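Asker: just to be clear, the model below is a prediction. Sequence and coordinates:
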Amino acid sequence: MTYLLSVLAVLFVLDALRLRRRAGALDVLGPAETAEMLPTYEMVTAPGITVDQATERSAAAFAGERGLDLLDLVPAGISLNHAMTLVQLVDPSTYGADRLRPGYTVGHAILITADVVERTAITVPADDLEFARLAVRLKPYGKAGLAIAPGTPARPGKIDQRFDVLRTMLGPATAPAIGALPVLGIVVGVGTWLAPIAGLAAIAAWHLQPLLVFAGTHLRPRRLLVSSLLRFPTELLLAFGAVFARRRRQLGKHPTPTEQLFEPRRSTCPMCDAPDPVLHLRSPDRIKHKPGRFTLERCQSCRHIFQNPRLSVAGLDYYYRDFYDGLGESDMELVFSAAVRSYRDRARMVKHHTMPARWLDVGAGHGHFCIAARDEFPDTRFDGLDLSESIDEAKRRGWVDTAYRGLFADLASTFAGRYDAVSMSHYLEHTTDPRAEIGAARTALEPGGYLLIEVPDPDFVLGRVLRSYWLPWFQPQHLHLLPAAKLGSMLAECGFVPLTWHRGAAHQPVDLFFVVYLFLDRLAPPTDLPWRPRRWLAAARFRRTLVWTLGMPFLLAAGLTDLLLAPLIARARVGNTYRVVARKED
């Protein structure tokens, strides 16, 4: 125990030095008298906040000099808890450069260019939660930054909205982030009883962290010394207040389907028409916890795995609703923003064969792949196609040059032969007819054009071992799971020559992590799901916080195991994902 507490004390000090570097990287607005108001900016404030004209002029000059589209103002006298959260979540030196990085706000005021205001149709936030959602939504629209506004008074946030505000910026990590403090207190408290000297050192290091972080910097929290000494009881009260705050739940009603959710069950394989497919897997909706059970069957001839019976149009609408857009948009934004390496790996795979002038990304969503791929192809025009409103958002962000909304098979003839590259990343498995989608890609490509496809690999051994907890089965979203051999034959049938395959190189080290994640999510589901009505919101929040906090060590251990296994899996040339680049034959 002495060793553990000593290590904790050292880690607290090292973490404080890391956070101090971040605090020191925060810029400060210049004197107002030397700044002229720039008319291209507008100020949006949280409820109850007023920004004086001098500060607004300084902020506009600061943003204009640095070419910022968004500037979050940080009052110098914010609370210690808000200041620590800021430097824990944001590195100011890299925050603005990466448009894929999730947005953050201290909840005071945001300066926004008129162009972004026009593209986003901003409405005045009614409360702190709406303001936080606005800040997260705006971040992808341009170059963002943060700056300290000296002399600007801070307003304490409302405790009854704290959980939801954190949920907006942290997503599923909110519960363990709040619950970590009580667990830390128990560990250190028990440790101090067993090893008093080491325990007191750990307690002192943790309480003095804020002084090490902020003393001598421009970010000076209110009552820094007193707040540091009272840090544990203050943050504990805030944590319990966030969980147990009595706030009326405003989730509204979630529409339920009025039509048949499933089509009639098939007796043959949809890819090769072989009869008598066999049961492969049954699974509930482990991601959004909507009602229903879904069946995957396997063709005994071509080994294609498909949902049977398949969701109908009404079923697809019901289960996709609030997944990529609406209620689930912020969570998926965090997931997609974390996949930058995968996006660039896909782009480099195509770069090995061609430097396309026009590229169409099918199933583009919000355009994350397109904006990341521009680093590899700065002169390429990236267009995107998707069925949902997300593609319109991608256009508003400027992440795609042209947005097409609709079914690829229906639209392909309108841009026949226009593109020299088409990509379908984790798209085919969602479609009702993968062969038709590959045919549409052939139509859209010019002669000799290239097609990039990435899909889950249903032959991966962990898929059989982990059963419904293996994420790529992803029911009910995934309708088809194509073995590599089957996809290769389909490409040939549609007039493509496969050139390069990535099996182990495309593996994504997330399998065991998501086993633990989905299990914890099953034990304590999110509290903001309108299709799962719950009267005792505070109790549900407490349960989720407790389960996820206690489960966090298992989640971290699973993630570490995934990373350790990844090189072995790659060397074996297998994986949970594979990708292929194919050329259209003339």
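Answerer: Arrived safely.

Asker: all strands for the stretch 151-300 of the chain, in order.
Answerer: 278-284, 293-298 (DSSP state E, counting those that start in this stretch).

Asker: pick the most deeply packed of the ones you listed.
Answerer: Counting by mean count of other C-beta atoms under 10 Å, strand 293-298 has the highest mean neighbour count of those, with a mean of 20. For the C-beta atoms, the positions are set from N, CA and C on the backbone; glycine is no exception.

Asker: what's the first helix or strand after that strand?
Answerer: The helix or strand immediately downstream of strand 293-298 is strand 305-307, counting by DSSP states H and E.

Asker: so how far is that next one from its chain's centroid?
Answerer: Chain-centre distance of strand 305-307: 27 Å, with C-alpha atoms, centre = their mean, to the nearest Å.

Asker: confirm for me that residue 501 is in contact with residue 484.
Answerer: Yes: the pair residue 501 / residue 484 is scored as a contact, 7.0 Å apart, by C-beta atoms under 8 Å.

Asker: in stretch 520-534, what counts as buried?
Answerer: The neighbour-count check on stretch 520-534 (16 or more other C-beta atoms under 10 Å) flags 520-521, 524-529, 531-532 as buried.

Asker: ok, now stretch 110-126?
Answerer: So, applying 16+ other C-beta under 10 Å, buried residues of stretch 110-126: 110-113, 116-117, 119-120, 122, 125.

Asker: ditto for stretch 85-100
Answerer: Neighbour counts over stretch 85-100 (16+ other C-beta under 10 Å) mark 85-87, 90, 92, 95-96, 99-100 as buried.

Asker: tell me the SS of the residue nearest to residue 395 when sequence neighbours are not counted?
Answerer: For residue 395, ignoring the flanking residues on the chain, the nearest one in space by C-beta to C-beta, 6 or more residues apart in numbering is residue 403 at 3.8 Å. Put simply, residue 403 is strand when judged by DSSP: H, G, I helix; E, B strand; the rest coil.

Asker: helices of the stretch 201-350 of the chain, residue ranges please.
Answerer: 224-229, 231-244, 313-320, 329-337, 340-351 (DSSP state H, counting those that start in this stretch).

Asker: number of nearby residues for the residue nearest to residue 395?
Answerer: Number of residues near residue 403 (other C-beta atoms under 10 Å) recorded here: 19.

Asker: and it, how far from residue 428?
Answerer: 21 Å (C-beta to C-beta, to the nearest Å).

Asker: and for residue 512?
Answerer: Noted for residue 512: a distance of 25 Å to residue 428, by C-beta to C-beta.

Asker: so what secondary structure elements neighbour the helix or strand harbouring residue 87?
Answerer: Using DSSP H and E, residue 87 maps to helix 80-89. The helices and strands touching helix 80-89, judged by 3 or more C-beta pairs under 8 Å, 6 or more residues apart in numbering; DSSP states H and E, are helix 2-24, helix 196-214, helix 224-229, helix 231-244.

Asker: who wins for proximity to residue 364 among those helices?
Answerer: Of all the helices and strands packed on helix 80-89, it is helix 2-24 that lies closest to residue 364, at 33.3 Å by C-beta to C-beta.

Asker: dump that closest one to CSV, restricted to CA.
Answerer: Provided in CSV are the C-alpha atoms of helix 2-24 (Å, rounded to 0.1, in the frame of the first residue of the first chain):
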residue,chain,number,x,y,z
THR,A,2,2.9,2.4,0.7
TYR,A,3,4.2,1.8,-2.8
LEU,A,4,0.8,2.4,-4.4
LEU,A,5,0.2,5.6,-2.5
SER,A,6,3.7,6.8,-3.2
VAL,A,7,3.2,6.2,-6.9
LEU,A,8,-0.1,8.1,-6.7
ALA,A,9,1.6,11.1,-5.1
VAL,A,10,4.2,11.2,-7.9
LEU,A,11,1.5,10.8,-10.6
PHE,A,12,-0.5,13.7,-9.1
VAL,A,13,2.6,15.9,-9.2
LEU,A,14,3.5,14.9,-12.8
ASP,A,15,-0.1,15.4,-13.9
ALA,A,16,-0.1,18.9,-12.3
LEU,A,17,3.0,19.8,-14.3
ARG,A,18,1.3,18.6,-17.5
LEU,A,19,-1.8,20.6,-16.7
ARG,A,20,0.3,23.6,-15.9
ARG,A,21,1.8,23.6,-19.4
ARG,A,22,-1.7,23.6,-20.7
ALA,A,23,-2.8,26.5,-18.4
GLY,A,24,0.3,28.5,-19.5
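
Asker: report the angle between that helix and helix 196-214.
Answerer: 10 degrees (axes from the mean of the first three to the mean of the last three C-alpha atoms, to 10 degrees).

Asker: model confidence over helix 2-24, on average?
Answerer: Regarding helix 2-24, the rounded mean pLDDT is 90.

Asker: helices of the stretch 51-200 of the chain, start to end?
Answerer: Taking DSSP H, counting those that start in this stretch, the helices of the stretch 51-200 of the chain run over residues 53-66, 80-89, 92-95, 114-120, 128-138, 159-170, 174-194, 196-214.

Asker: will you turn the ones you listed into CSV that also has distance to residue 536 and mean pLDDT?
Answerer: Formatted as CSV, those follow (distance: least, C-beta to C-beta, whole Å; pLDDT from 0 to 100):
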stretch, distance to residue 536, mean pLDDT
helix 53-66, 43, 89
helix 80-89, 26, 90
helix 92-95, 38, 88
helix 114-120, 36, 89
helix 128-138, 21, 89
helix 159-170, 15, 80
helix 174-194, 16, 80
helix 196-214, 33, 89
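
Asker: dump those to JSON lines, plus distance to residue 556.
Answerer: Listed next are the helices of the stretch 51-200 of the chain as JSON lines, based on distance: least, C-beta to C-beta, whole Å:
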{"stretch": "helix 53-66", "distance to residue 556": "37"}
{"stretch": "helix 80-89", "distance to residue 556": "17"}
{"stretch": "helix 92-95", "distance to residue 556": "23"}
{"stretch": "helix 114-120", "distance to residue 556": "36"}
{"stretch": "helix 128-138", "distance to residue 556": "25"}
{"stretch": "helix 159-170", "distance to residue 556": "16"}
{"stretch": "helix 174-194", "distance to residue 556": "10"}
{"stretch": "helix 196-214", "distance to residue 556": "20"}
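
Asker: so for residue 383, which of those sits nearest?
Answerer: Between the helices of the stretch 51-200 of the chain, helix 114-120 lies closest to residue 383; by C-beta to C-beta that is 18.0 Å.

Asker: can you list the helices and strands that that closest one packs against?
Answerer: Against helix 114-120 (3+ C-beta pairs under 8 Å, 6+ apart) you get strand 41-45, helix 128-138, helix 390-397.

Asker: let's have those in TSV, adding mean neighbour count and distance to residue 333.
Answerer: Putting those into TSV (neighbours: other C-beta atoms under 10 Å; distance: least, C-beta to C-beta, whole Å) gives the following:
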stretch	mean neighbour count	distance to residue 333
strand 41-45	19	20
helix 128-138	22	7
helix 390-397	21	10
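
Asker: quick one: contacts for residue 94?
Answerer: Neighbouring residues of residue 94 by C-beta atoms under 8 Å, 6 or more residues apart in numbering: residue 101.

Asker: among the buried residues of stretch 85-100, which two are most distant?
Answerer: Pairwise distances across the buried residues of stretch 85-100 peak at 22.1 Å for 85 and 99 (criterion: C-beta to C-beta).

Asker: rewinding a little: residue 166 is nearest to which of the helices and strands packed on helix 80-89?
Answerer: helix 231-244 (7.1 Å).

Asker: who's in contact with that closest one?
Answerer: 80-81, 159, 162-163, 166, 178-179, 181-182, 185, 206-207, 209-210, 227, 538, 541-542, 545.

Asker: give the buried subset of these as a PyMOL selection command.
Answerer: Burial among the contacts of helix 231-244 is assessed by 16+ other C-beta under 10 Å; the matching PyMOL selection reads:
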select buried, resi 80+81+162+163+166+178+179+181+182+185+206+207+209+210+227+541+542+545
